[in-house]
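Student: here is a sequence with its predicted model. Questions after.
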Amino acid sequence: MGDMGDVRGAGGAGDAVGAPALEVSGLRVARGGRTVVEDVGFVARKGSILGVLGPNGAGKSSLVKAIASILPYEGGISVDGLPVRALERADRARRIAYVPQQTELRSPLTVESVVAQGRYAHHVGRIRPPDSDRAVLARAMELAEADNLAGRVFTALSQGERQRVLLARALATEARVLLLDEPTAALDVGHALRLYRLLRDLAREGYCILAVLHPLEEALDWTDDAILLERGRLVLSGTTRDVFREGSLEHVYGVRLVPEGALGFRLADSGSIPPTGGAAPGGGGS
Ligand SMILES: Nc1ncnc2c1ncn2[C@@H]1O[C@H](COP(=O)(O)OP(=O)(O)OP(=O)(O)O)[C@@H](O)[C@H]1O
């Protein structure tokens, strides 16, 4: 993913790092007549990446879809102190963006058209989008490394390519709360590491990022905070280090975690933000 610069051209007011961006309380989500998320509450902060962890079927995607207002829910979800339920659809879309694991998109839209969907909420009632949209779209595509896919038909792309286009669409919304469902699931190691670097840069700009993650080593390396779900309920929340230190993670996943036991990789040009610290061989630390 490209180096950050500024997605929006101007830093947002009220983006004090550490301030609550997203507040969830007493959340309940039902699917197919079954409660799949029950009494979940947590706060996600501006400037932080929060990992949503838990085994298959724990309710991670359902939780994120409820926050994105894709699934109905009971309980409270607030963004920037405002109840999401009370927001107009376009207002909501300008505040919370969602990158799904998979898309329902079936029609043969071009990549540009898909990314441009991210701008709809900015020009409700206008016949034509303003010219200024072009720069936002180009920047979003560049950051998500989707610019090389321009001109392609979305449905003819690989899963990883689609994921980058959907990220570009989310960035194009300029929403400061980003929800990502298994964002690296289809990405090769280079794209995955550059995505994390981008997320880290966005967080530094004051974005609040929630990412559903399966690879625990990625969660440990790249997230600040974490919540752990099991069978729809919140088992643990806090800083990622604390969540990992506590024994529940091993219990919930049914595994023994061995410190330093996994292979790790980092970008050769990772510069100031290597996940594990220190300069990579040949990277020169630039
Ligand atoms: N469309 C659906 N209709 C009915 N039940 C569903 C539907 N989608 C998911 N579920 C159920 O909801 C529960 C939570 O699913 P969810 O997809 O939120 O879990 P998850 O933690 O994201 O899982 P995974 O890690 O496998 O992606 C599961 O028991 C699942 O079977």
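Tutor: All right, it came through fine. Quantities reported herein were computed from a predicted structural model and do not represent experimental measurements.

Student: counting contacts, what elements does the strand or helix carrying Leu198 pack onto?
Tutor: Here Leu198 is covered by helix 189-204, with elements defined by DSSP states H and E. Other helices and strands packing on helix 189-204, by 3 or more CB pairs under 8 Å, 6 or more residues apart in numbering; DSSP states H and E, are strand 49-53, helix 159-172, strand 177-181, strand 208-212, helix 216-222. Heads up, the C-betas are built off the backbone N, CA and C, glycines and all.

Student: nearest to the ligand, of those?
Tutor: Across the helices and strands packed on helix 189-204, the minimum distance to the ligand, taken as CB to the nearest ligand atom, is reached by strand 208-212, at 6.3 Å.

Student: so for Gly41, which of the helices and strands packed on helix 189-204 sits nearest?
Tutor: strand 49-53 (13.3 Å; CB to CB).

Student: buried ones in the next helix or strand after that closest one?
Tutor: Counting by DSSP H and E, the element after strand 49-53 in chain order, helix or strand, is helix 60-67. Under the neighbour-count criterion of 16 or more other CB atoms under 10 Å, helix 60-67 has Lys60, Ser61, Ser62, Leu63, Val64, Lys65, Ala66, Ile67 buried.

Student: for stretch 43-55, same thing?
Tutor: Quick answer for stretch 43-55 (16+ other CB under 10 Å): Val43, Ala44, Arg45, Lys46, Gly47, Ser48, Ile49, Leu50, Gly51, Val52, Leu53, Gly54.

Student: near the ligand at all, stretch 30-40?
Tutor: Yes: counting by CB under 6 Å from any ligand atom, the ligand is contacted by stretch 30-40 at Arg31, Gly32, Val36.

Student: picking up where we left off before, dump the helices and strands packed on helix 189-204 into CSV; add mean pLDDT and distance to Glu104 as well.
Tutor: Shown next, in CSV, are the helices and strands packed on helix 189-204 (pLDDT from 0 to 100; distance: least, CB to CB, whole Å):
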stretch, mean pLDDT, distance to Glu104
strand 49-53, 98, 21
helix 159-172, 94, 11
strand 177-181, 97, 13
strand 208-212, 98, 18
helix 216-222, 91, 26
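
Student: with just CA atoms, put the helix holding Leu198 into CSV.
Tutor: Taking C-alpha atoms only, helix 189-204 is exported to CSV below (Å, rounded to 0.1, in the frame of the first residue of the first chain):
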residue,chain,number,x,y,z
VAL,A,189,2.7,-11.2,2.3
GLY,A,190,3.8,-8.0,0.6
HIS,A,191,0.4,-6.6,0.1
ALA,A,192,-0.6,-7.7,3.6
LEU,A,193,2.4,-5.9,5.3
ARG,A,194,1.8,-2.8,3.2
LEU,A,195,-1.8,-2.8,4.2
TYR,A,196,-0.8,-2.9,7.9
ARG,A,197,1.6,-0.1,7.3
LEU,A,198,-1.2,1.9,5.7
LEU,A,199,-3.5,1.1,8.6
ARG,A,200,-0.9,2.2,11.1
ASP,A,201,-0.3,5.5,9.2
LEU,A,202,-4.1,6.1,9.1
ALA,A,203,-4.4,5.5,12.8
ARG,A,204,-1.6,8.0,13.3
